[in-house]
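In: whatever this is, show me its structure:
(2 chains)
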Number of protein chains: 2
Amino acid sequence: MKIIIAGAGAMGSRFGLMLHQAGNDVIFVDGWPEHIEAIRKNGLVADFNGEVVTAKIPIYPQTEVASIDFTADLVILFTKAMQLAGMLEALEHFLNKNTKVLCLLNGIGHEDIIKKYVPYENILLGNTMWTAGLEGPGKVKLFGNGSIDLQNLGAQSEQAAEAVIKVLNNAGLNARYSENILSSIYKKACVNGTMNGLCTLLDCNMADFGETEQADQIVQQIVNEFLAVAEAEQVTLDKQAVLQQIRSCYNRETIGLHHPSMYQDLITNHRLTEIDYINGAIVRKGKVYGIATPYCQFLTELIHCKENLLHAK
Amino acid sequence: MKIIIAGAGAMGSRFGLMLHQAGNDVIFVDGWPEHIEAIRKNGLVADFNGEVVTAKIPIYPQTEVASIDFTADLVILFTKAMQLAGMLEALEHFLNKNTKVLCLLNGIGHEDIIKKYVPYENILLGNTMWTAGLEGPGKVKLFGNGSIDLQNLGAQSEQAAEAVIKVLNNAGLNARYSENILSSIYKKACVNGTMNGLCTLLDCNMADFGETEQADQIVQQIVNEFLAVAEAEQVTLDKQAVLQQIRSCYNRETIGLHHPSMYQDLITNHRLTEIDYINGAIVRKGKVYGIATPYCQFLTELIHCKENLLHAK
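Out: Sure thing, here's the model as predicted:
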């Protein structure tokens, strides 16, 4: 299968590498010049479960793809949320009426952007539990196991989803069909919508946040806003299961001592965050449905303040 | 006049010193052992507009006042908000039916605590624009000019207020009668209720906060909650004047480069904050009046989280 990985960060690199190893025709499109240069020079270098693997996978800067002759069967979107529209614009000429587009971005509401570029019946939404770490330009660290749930957005497109699942499974990516992908996406967004913003703002890891007296009260207020918007979109979520998943982040024996990705983006690397596509998306959707979302709004504003203060780019 | 300064921090020291210099019989009551020891040994040492002044003013720890024979005409309250009830309990035996109690604490709603210990007609509320800095145990720095507005809480007690104003003015403290002290107190609380919590949480000075794109939006949301509660309490505030006073804090030429006192308390010195008596008071009063105060609530919770994370005491 001819596959474009749009966004060759840590996770894009994992998917690209595993799909390439399984015999697919994979190309990367990315926006980070040093990363592109390193991969072109040395290939993608991965510490893959302890073994060093090097793969020569073509990689193109987003700004130079117009001249490439490549008809994609599948595009997997792995950009940062704020780069999504720009990437889709750059990739438009690769897409034909059969090209499937699988969105694996964090956050909610990306389909509203994608559908401007891709026919509804070709859009697949997914949620992945795989992890990956970027160690520097051209270098990734891939450990452990994961899975992907995905579903077609168009009512009649189960077949398209199943075909993509088959390709992913042939590459060992452990994909399965979801009857309710929006529910998984919202659930994950609830975790990100609490842990990311709060630990970034409070400058702490997830375990330390979870042990503050106020953690539960704050988390419940934010989750209530996510659930109210989800309900308005006919997405069913079990509040107790959501809270349980959030609380599992506090565990010092597992992931509690980690800082969430937003913390690393903003506090460590002074990069703009994806808050507008997590809590900010709830605020926008809340306005449409007439639902008050003050906690999500204040948190979004505070994170933007912090971006301003740190001159994040 | 026999005066107890309850809380001999920077501002209490200023008032105590100036009233002592004007010939009043002043004693300090405080809770900080090193400060008490230093003042007992060396007197209160003040850099008073560039001149070093030493004053031998009696000072007692709050825990040992029971045995002192002193009938106070006036008690001026300068404790931290969370120490107010404990201080009033300790001072109860000094108060007779004529003792006036002037509250100059920051924050709102202190009268609800004071009236448990002091007859309503003896309570005076004030708002001061004086400044002062504590340089270490027994040492203060007093620069510049200021003023005090004050008013009796009881409807028939103007005379009591006027008598206290006279004593304060004899000491150069520039006091004047206010027809609407709650309005000034609320206005000051709006400034503290935005600058204090936000700069503490965002780890920035007031000018840097003011220059973020989100500052105005956040400030307006918080001020709206203060104004709604003030209105329910029949306290009239001019929103534009409040906003203007807050925006004046952003000025780099004047006070913009300073961190607010809460920042110094919590971030620099890991001390508990007075957030419960500023934004937290709005939340409590909002519940009574059925007014939603989510920004004040979230900000209060986040500051408490930060106290927890820093093991503030």
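In: residues near A:Thr63, how many?
Out: 11 (other CB atoms under 10 Å in any protein chain shown). From N, CA and C alone the C-beta is placed, and that goes for glycine too.
In: OK, contacts around it?
Out: By CB atoms under 8 Å, 6 or more residues apart in numbering or on different chains, the contact list for A:Thr63 reads A:Gly31, A:Ala90.
In: quick check: phi and psi at it.
Out: Torsion angles at A:Thr63 (phi, psi; degrees, to the nearest 10) stand at phi -80, psi -10.
In: and it, how far from A:Gly210?
Out: 43 Å (CB to CB, to the nearest Å).
In: same thing with A:Leu104?
Out: Using CB to CB, A:Leu104 is found at 27 Å from A:Gly210.
In: again with A:Lys97
Out: Distance from A:Lys97 to A:Gly210, by CB to CB: 48 Å.
In: which one of these two has more residues nearby?
Out: Per other CB under 10 Å, whichever of A:Lys97 and A:Gly210 has more neighbours is A:Gly210, with 22 against 7.
In: what is the burial count for the closest residue in space to the more buried one that isn't next to it in sequence?
Out: In space, A:Gly210 comes closest to A:Tyr250 once its chain neighbours are excluded; the distance is 2.8 Å by CB to CB, 6 or more residues apart in numbering or on different chains. By the measure other CB under 10 Å, the count of residues near A:Tyr250 is 18.
In: pLDDT value on A:Tyr250, please?
Out: At A:Tyr250, the model reports a pLDDT of 97.
In: repeat that for A:Thr71.
Out: A:Thr71 carries a pLDDT value of 89.
In: equivalent analysis for A:Ser67, please.
Out: pLDDT, A:Ser67: 84.
In: what's the first helix or strand after the host helix or strand of A:Gln240?
Out: Assigned by DSSP states H and E, A:Gln240 belongs to helix A:239-248. Once helix A:239-248 ends, the next helix or strand along the chain (criterion: DSSP H and E) is helix A:261-263.
In: so what touches that next one?
Out: Under CB under 8 Å, 6+ apart, the answer for helix A:261-263 is A:Asn192, A:Asn196, A:Gly197, A:Cys199, A:Thr200, A:Asp203, A:Thr273, A:Glu274, A:Ile275, A:Ile303.
In: anything in stretch A:82-100 near chain B?
Out: No - using CB under 8 Å from any CB of the partner chain, stretch A:82-100 stays clear of chain B, with a minimum separation of 15.6 Å.
In: next up, the contacts around the residue nearest to A:Gly210.
Out: When contacts are counted by CB under 8 Å, 6+ apart, A:Tyr250 touches A:Met206, A:Ala207, A:Phe209, A:Gly210, A:Glu211, A:Ala215, A:Gly256.
In: for burial, what's the neighbour tally of the last one?
Out: Each residue near A:Gly256 was counted by other CB under 10 Å, and the total is 17.
In: how near is it to chain B?
Out: As judged by CB to the nearest CB, to the nearest Å, A:Gly256 and chain B stand 14 Å apart.
In: next one: the second one
Out: Counting by CB to the nearest CB, the gap between A:Ala207 and chain B amounts to 11 Å.
In: surely that residue touches A:Pro260?
Out: No - if you go by CB atoms under 8 Å, A:Ala207 and A:Pro260 don't touch, sitting 11.7 Å apart.
In: those two: which is more packed in?
Out: Legend: neighbour count by other CB under 10 Å for A:Ala207 and A:Pro260, higher for A:Pro260 (21 against 18).
In: residue contacts, the more buried one?
Out: A:Pro260 sits in contact with A:Asn192, A:Met195, A:Asn196, A:Cys199, A:Thr200, A:Met206, where contact means CB under 8 Å, 6+ apart.
In: what's the closest non-adjacent residue to the first one?
Out: In this case it means A:Asn192. A:Ile278 (5.1 Å).
In: and the one you found, how many neighbours?
Out: For A:Ile278, using other CB under 10 Å, the count is 29.
In: contact partners for it?
Out: A:Asn106, A:Gly107, A:Ile108, A:Ala189, A:Asn192, A:Gly193, A:Asn196, A:Gly197 are the contacts of A:Ile278 under CB under 8 Å, 6+ apart.
In: go on, A:Ile39?
Out: Here A:Ile39 is in contact with A:Ala8, A:Phe28, A:Ile57, A:Ile59, A:Pro137, A:Gly138 (CB under 8 Å, 6+ apart).
In: secondary structure element for it?
Out: Secondary structure from DSSP H and E places A:Ile39 in helix A:33-42.
In: what does A:Ile108 give?
Out: Using DSSP H and E, no helix or strand contains A:Ile108.
In: where's it relative to chain B, distance?
Out: 21 Å.
In: show me which residues of the stretch 51-200 of chain A are close to chain B?
Out: A:Leu198.
In: in the stretch 51-200 of chain A, what residue lies closest to chain B?
Out: Closest residue of the stretch 51-200 of chain A to chain B, CB to the nearest CB: A:Leu198 (7.8 Å).
In: that residue: which element?
Out: Going by DSSP H and E, A:Leu198 is in helix A:181-202.
In: between that helix and helix B:181-202, how many degrees?
Out: For helix A:181-202 against helix B:181-202, the angle by axes from the mean of the first three to the mean of the last three CA atoms, to 10 degrees is 100 degrees.
In: hey, C-alpha coordinates of helix A:181-202 in PDB?
Out: Provided in PDB are the C-alpha atoms of helix A:181-202 (Å, rounded to 0.1, in the frame of the first residue of the first chain):
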ATOM      1  CA  ILE A 181     -14.400   5.800  18.300                       C
ATOM      2  CA  LEU A 182     -15.700   9.200  19.400                       C
ATOM      3  CA  SER A 183     -16.200   7.800  22.800                       C
ATOM      4  CA  SER A 184     -12.600   6.700  23.000                       C
ATOM      5  CA  ILE A 185     -11.400  10.000  21.600                       C
ATOM      6  CA  TYR A 186     -13.400  11.900  24.200                       C
ATOM      7  CA  LYS A 187     -12.100   9.700  27.000                       C
ATOM      8  CA  LYS A 188      -8.500  10.300  26.000                       C
ATOM      9  CA  ALA A 189      -9.300  14.000  25.600                       C
ATOM     10  CA  CYS A 190     -10.600  14.100  29.200                       C
ATOM     11  CA  VAL A 191      -7.200  12.700  30.400                       C
ATOM     12  CA  ASN A 192      -5.300  15.200  28.300                       C
ATOM     13  CA  GLY A 193      -7.800  18.000  29.200                       C
ATOM     14  CA  THR A 194      -6.900  17.600  32.800                       C
ATOM     15  CA  MET A 195      -3.400  16.300  33.200                       C
ATOM     16  CA  ASN A 196      -1.800  18.300  30.400                       C
ATOM     17  CA  GLY A 197      -3.000  21.800  31.300                       C
ATOM     18  CA  LEU A 198      -3.000  21.400  35.000                       C
ATOM     19  CA  CYS A 199       0.500  19.900  35.400                       C
ATOM     20  CA  THR A 200       1.800  22.500  32.900                       C
ATOM     21  CA  LEU A 201       0.300  25.400  34.800                       C
ATOM     22  CA  LEU A 202       1.200  24.000  38.300                       C
END
